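Here you go, sequence then predicted model.
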Amino acid sequence: MEARVDRVQETPVRLAALAVILTLWALPGLAGEVPLGSKVEDLLTYAREHNPDLQGRRLDAEAQRERIEPASALPDPKFQMELMDFTNAMTPGKSASLAPGDVGTTRYRAIQALPFPGKRGLRGEIAEAQAGQSDSIRDATRLEIETQIKTAYARYFQAAGQARIQRETLQLIDALERLVLKRYSVGLVPQQDAVQVQGESTRLKLDLVESERRRREAAALLNALLPRDADAPLAEPASLAPIPKPPALAQLFARAKERSPDLGREHLGVTAAEKSKELTYLNRYPDFTLALTNNRPRSAMIGPDTWDFMVEVNIPLQQSSRRAQEREAERRLESARERVTAVEARLNGQLGATLAALEASLDKARLLGETLLPQAKATLEAAQAGYESGRVNFNTLIDAERQILRTRLALLDAEVDANVRHAELEKLLGAPL
């Protein structure tokens, strides 16, 4: 009897457990699925798999690479069938016919065009260089989108951080307000102090509303880059990526010359122009066509099958036209080399400017975090103690509070700006710093 009672009591517990399991299975969000947004690496991984711009560039590069083999392939052979004397004028009593074997002679001919030696290889090398350019465009697009995501994440972190700092400061103001009202109630401070602290609280609440607006805007822009719905949920950003000490400009430029997709694309453009020039000069020489013909009379009584072999050579007679094409190829090669020089100069300047901005932001963040912020905290503690003892007025206290708020926000801005500059530097390098 007791065992039966125990089983009856266990039944509701089992049913409740089963209900919880089914609920978690039906609602993945409750089963531990964490929304994107806490780490920038997760956002980058998601974008690499889902961003349509990246997918489009990847498919373009794959399509361009499929052109290499056809570019160096032989032209398709041709087949001809020729009906000689299809009216049968040479055969009395027979009418015209289009049936092979029912005419005077049927000729079967196979024709194969053969470019001058070397042309096919050069065409393949040109196509390979162009495919490499498509790969560089794909890589540049990936770096651009990743930089945009890193920047948007940093702005999202900035807006969330500003809101957090303002909420913490608002808690501090609320504590000050309670202190002021307590001292005002016993006549130790004037009414102006109470009014001023309440005004400061209202001002912070307005700033908090603006920070929340910026956070939602940054979240929408970040979702658009992934891409997801603008209002898709994003987790609170956890932290910014640590920034290593950047090397000197000369080292950065040397690395960028090896890894930059933009510069690599221009170098491949020079390769393609060089091969095009060589191919243009080979056009001075003729191409060939070979043909093999089988002649079949209508009847073996007329004669046996015969075979013909033909070699056709085009004559490169229009030399002035070819000289113009060669000059064009030379100018295009010179232009491609000048573009390399221009991109190198532009890249060097961008690296220098971005490196200077990054170093300035890192120095600013270090000074704010290691020097000014501790000083501001000490000033606030001293002002609060002085106000409680009546040695300082409320303006001194509120100025100390505003100073620590400005310092914390400036430190956050400097860290975010350094993170953005770091992302831009990696884009220019074409690789992690």
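Happy to help now that I have it. From a predicted model like this one, the values you see are computed outputs, not experimental measurements. Numbering: from 1, shown residues only.

Touching, residue 38 and residue 160? I think so.
No: with contact defined as CB atoms under 8 Å, residue 38 and residue 160 do not form a contacting pair (10.9 Å). The way it works is simple: take the backbone N, C-alpha and C, and place the C-beta from them, glycine included.

Quick check: neighbours shared by the two?
236, 237 (CB atoms under 8 Å, 6 or more residues apart in numbering).

Comparing these two, which shows the higher neighbour count?
residue 160 (21 against 15; other CB atoms under 10 Å).

Can you work out which other helices and strands pack against the helix or strand hosting the more buried one?
Following DSSP states H and E, one finds residue 160 within helix 119-185. Other elements packing on helix 119-185 under the criterion 3 or more CB pairs under 8 Å, 6 or more residues apart in numbering; DSSP states H and E are helix 40-50, helix 52-65, helix 68-72, helix 191-225, helix 261-282, helix 373-389, helix 394-429.

nearest to residue 332, of the ones you listed?
helix 261-282 (5.0 Å; CB to CB).

which residues sit against that closest one?
116, 118-119, 122-123, 125-126, 129-130, 132-133, 136-137, 139-140, 143, 256-257, 322, 325-326, 328-330, 332-333, 335-337, 339-340, 343-344, 347, 430.

What are the buried residues along it?
261-281 (16 or more other CB atoms under 10 Å).

Please indicate which of the contacts of helix 261-282 are buried?
By neighbour count, with 16+ other CB under 10 Å, the contacts of helix 261-282 hold 116, 119, 122-123, 125-126, 129-130, 132-133, 136-137, 139-140, 143, 256-257, 325, 329, 332-333, 336-337, 339-340, 343-344, 347, 430 as buried.

My read is that residue 252 contacts residue 429, right?
Yes: judged on CB under 8 Å, residue 252 makes contact with residue 429 at a distance of 6.6 Å.

between these two, what contacts are shared?
Contacts common to residue 252 and residue 429, judged by CB under 8 Å, 6+ apart, are residue 351.

Next, work out how far apart the residue nearest to the spatial centre of the chain and residue 265 are.
What sits nearest the mean C-alpha location of the chain, by CA atoms, centre = their mean, is residue 142, with 2.1 Å. Using CB to CB, to the nearest Å, we find residue 142 at a distance of 13 Å from residue 265.

what's the answer for residue 379, then?
55 Å.

Could you do residue 198 as well?
Taking CB to CB, one finds residue 198 at 61 Å from residue 265.

Kindly confirm my reading that residue 90 is in a helix.
No: counting by DSSP: H, G, I helix; E, B strand; the rest coil, residue 90 falls outside a helix, being coil.

I figured it hits residue 104, correct?
Yes: Residue 90 is in contact with residue 104 according to CB under 8 Å; the separation is 5.6 Å.

neighbour-wise, which of the two wins?
residue 104 (18 against 13).

and the residue nearest to that one when sequence neighbours are not counted, how many neighbours?
Nearest residue to residue 104 in three dimensions, chain neighbours excluded: residue 85, at 3.1 Å (CB to CB, 6 or more residues apart in numbering). Counted by other CB under 10 Å, the residues lying close to residue 85 total 15.

Please state the backbone phi and psi of residue 85?
Phi and psi for residue 85, reported as degrees, to the nearest 10, are phi 50, psi 50.
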